[in-house]
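[1] Test case, fold it:
(one chain, ligands or ions: 1)
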Amino acid sequence: MKKNIAVIGAGAAGFFGAIRMKSLLPEANVIVFEKSNKMLAKVKVSGGGRCNVTHACFEVSKLIKNYPRGSKELRSAFMQFACTDTVNWFNDRGVELKIESDGRMFPVSNNSQTIIDCLMDEAERLGVQFSLGTSIKKVTGKEGKIELLFENDSTIEFDAVLIATVVIQIKKDSNGWLQQIIR
Ligand SMILES: Cc1cc2nc3c(=O)[nH]c(=O)nc-3n(C[C@H](O)[C@H](O)[C@H](O)COP(=O)(O)OP(=O)(O)OC[C@H]3O[C@@H](n4cnc5c(N)ncnc54)[C@H](O)[C@@H]3O)c2cc1C
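    Numbering: from 1, shown residues only. As a prediction, this is how the structure comes out:
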């Protein structure tokens, strides 16, 4: 059966997560809910408007040393996708990155809009859907499904939800279901 997947937050994390899920599960419906009317707003201003996409550190064992409080947790994530994969991902979609003397990597265009355009084109090509101006108040686990509560108090059930809002609060309700309240 066709899976319904929700992503909350159209920042860099939510955007890339939605693209990744839609490319792994092309038949799934993937919809991104964003509370503001802008997507990738922080990416636009990142790196002084140039977007410091990644760093020229191509060995996971060296890369994790830059995260002293999370090196163990990040190792397995970086084994799946690290700096080389980032460079290749953008190269494969026609975006060349350059290395500066301190190792930071930027698009050759020196313009974060190049990164935004690439992500937007890829999302559109794959058929990721977006709902802007849509704020999620609460995420609740419900018998194999996940229910999203919207600002207007309507609800929709999904098979999977990726929360990419930066700030969340987790608690249990009286039935013991885990609730995630998005701030
Ligand atoms: C000035 C500046 C420069 C930076 N430069 C760089 C750089 O060059 N390189 C780099 O790697 N990083 C840089 N960063 C950091 C980088 O921008 C962030 O780490 C990254 O954008 C975080 O992405 P995110 O998707 O996790 O979060 P965000 O971009 O914050 O996205 C979260 C999204 O969730 C939405 N949201 C929140 N709550 C809800 C809700 N309840 N319902 C629906 N939507 C919701 C928000 O509106 C937002 O759009 C910079 C940051 C700043 C501020």
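
[2] how many other residues sit next to the closest residue to the ligand within the chain?
    The ligand sits closest to G11 of the chain, with a gap of 2.0 Å, by Cβ to the nearest ligand atom. (Each C-beta comes from the backbone N, C-alpha and C, glycine too.) Counted with other Cβ atoms under 10 Å, residues neighbouring G11 total 20.

[3] And I19, by the same measure?
    Neighbours of I19 (other Cβ under 10 Å): 21.

[4] So it sits against L126, correct?
    Yes: taking contacts as Cβ atoms under 8 Å, I19 lies within contact range of L126: 6.3 Å.

[5] State the distance from the nearest residue to V43 once chain neighbours are set aside to K42.
    Leaving aside its chain neighbours, V43 sits nearest to A12 (5.3 Å; criterion: Cβ to Cβ, 6 or more residues apart in numbering). Here the criterion is Cβ to Cβ, to the nearest Å. By it, A12 lies 7 Å from K42.

[6] With S135 instead?
    Taking Cβ to Cβ as the measure, S135 falls 17 Å from K42.

[7] ditto for L132
    Separation of L132 from K42 (Cβ to Cβ): 15 Å.

[8] For F16, what are phi and psi?
    Taking degrees, to the nearest 10, you get phi -70, psi -40 for the backbone angles of F16.

[9] Counting neighbours, what do you get for the nearest residue to it once chain neighbours are set aside?
    Of all residues not flanking F16 in the chain, L119 sits nearest, at 7.1 Å (Cβ to Cβ, 6+ apart). L119: 23 surrounding residues under other Cβ under 10 Å.

[10] The host helix or strand of L119: which residues count as buried?
    Per DSSP states H and E: L119 is located in helix 112-126. With burial defined by 16 or more other Cβ atoms under 10 Å, the residues of helix 112-126 counted as buried are S112, Q113, T114, I115, I116, D117, C118, L119, M120, E122, A123.

[11] Tell me the bridge partners for the closest residue to E147 other than its chain neighbours.
    Once flanking residues are discounted, E147 sits nearest to T140: 4.8 Å by Cβ to Cβ, 6+ apart. Beta-bridge partners recorded for T140 (DSSP bridges): E147, Q179.

[12] Show me what from this structure comes close to the ligand.
    8-14, 33-36, 41-43, 45-47, 51-52, 135-136, 164-166, 182 (Cβ under 6 Å from any ligand atom).

[13] Just the buried residues of these.
    8-12, 14, 33-35, 43, 46-47, 51, 136, 164-165, 182.

[14] Fine, thanks again, bye for now.
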